[in-house]
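Participant: Quick one: sequence plus predicted model below, questions after.
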Amino acid sequence: MANEKIMKVTCINSGGFRNLKNLEDYYVCEAGPNNYYVSRFPSVKKSLMGCYPKDLFNTGSEIKVRNVEVATAAAAAKQFEEQQMSLF
């Protein structure tokens, strides 16, 4: 997964999955001929939501993930984690 091409796609059909929302953008990597590894962040390996059929998404285009985007996503995830931990 780490060396895969990352694409930004839009969900066109949630397929009954509660994690997916119609018309929401996701980042994906291919997971075989018929599936995608799906994430809300450009770092699919670290923020994997699951593996879903390709037909639930539009055809995406490859994106160049800049270090700034990855750092921003990582910082947001860390902040969220800290907030969750402070609840305990």
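Facilitator: Cool, the structure landed. Residues are numbered from 1 along each chain as shown.
Participant: Residue 7 contacts residue 26, correct?
Facilitator: No - taking C-beta atoms under 8 Å as the definition, residue 7 is not a contact partner of residue 26, at 9.2 Å. The way it works is simple: take the backbone N, C-alpha and C, and place the C-beta from them, glycine included.
Participant: Between these two, which has more neighbouring residues?
Facilitator: For residue 7 versus residue 26, neighbours defined as other C-beta atoms under 10 Å are more numerous around residue 26 (23 against 18).
Participant: quick one: the residue nearest to the more buried one when sequence neighbours are not counted from residue 7, how far?
Facilitator: Distances taken as C-beta to C-beta, 6 or more residues apart in numbering place residue 38 nearest to residue 26, at 5.1 Å, with adjacent residues excluded. Distance, residue 38 to residue 7, by C-beta to C-beta, to the nearest Å: 11 Å.
Participant: shared neighbours, those two?
Facilitator: 27-28 (C-beta atoms under 8 Å, 6 or more residues apart in numbering).
Participant: Got the phi and psi for residue 43?
Facilitator: Residue 43 adopts backbone torsions of phi -90, psi 80, taken as degrees, to the nearest 10.
Participant: tell me the pLDDT at it?
Facilitator: Among the per-residue scores, residue 43 shows a pLDDT of 76.
Participant: swap in residue 49?
Facilitator: 90.
Participant: Got phi/psi on it?
Facilitator: Taking degrees, to the nearest 10, you get phi -90, psi -30 for the backbone angles of residue 49.
Participant: in which helix or strand would I find the closest residue to it other than its chain neighbours?
Facilitator: Spatial nearest neighbour of residue 49, chain neighbours left out: residue 38 (4.9 Å); criterion: C-beta to C-beta, 6+ apart. For residue 38, the element it lies in under DSSP states H and E is strand 35-39.
Participant: Give the other helices and strands that that strand contacts.
Facilitator: If contacts are counted by 3 or more C-beta pairs under 8 Å, 6 or more residues apart in numbering; DSSP states H and E, strand 35-39 sits against strand 25-30, strand 48-53.
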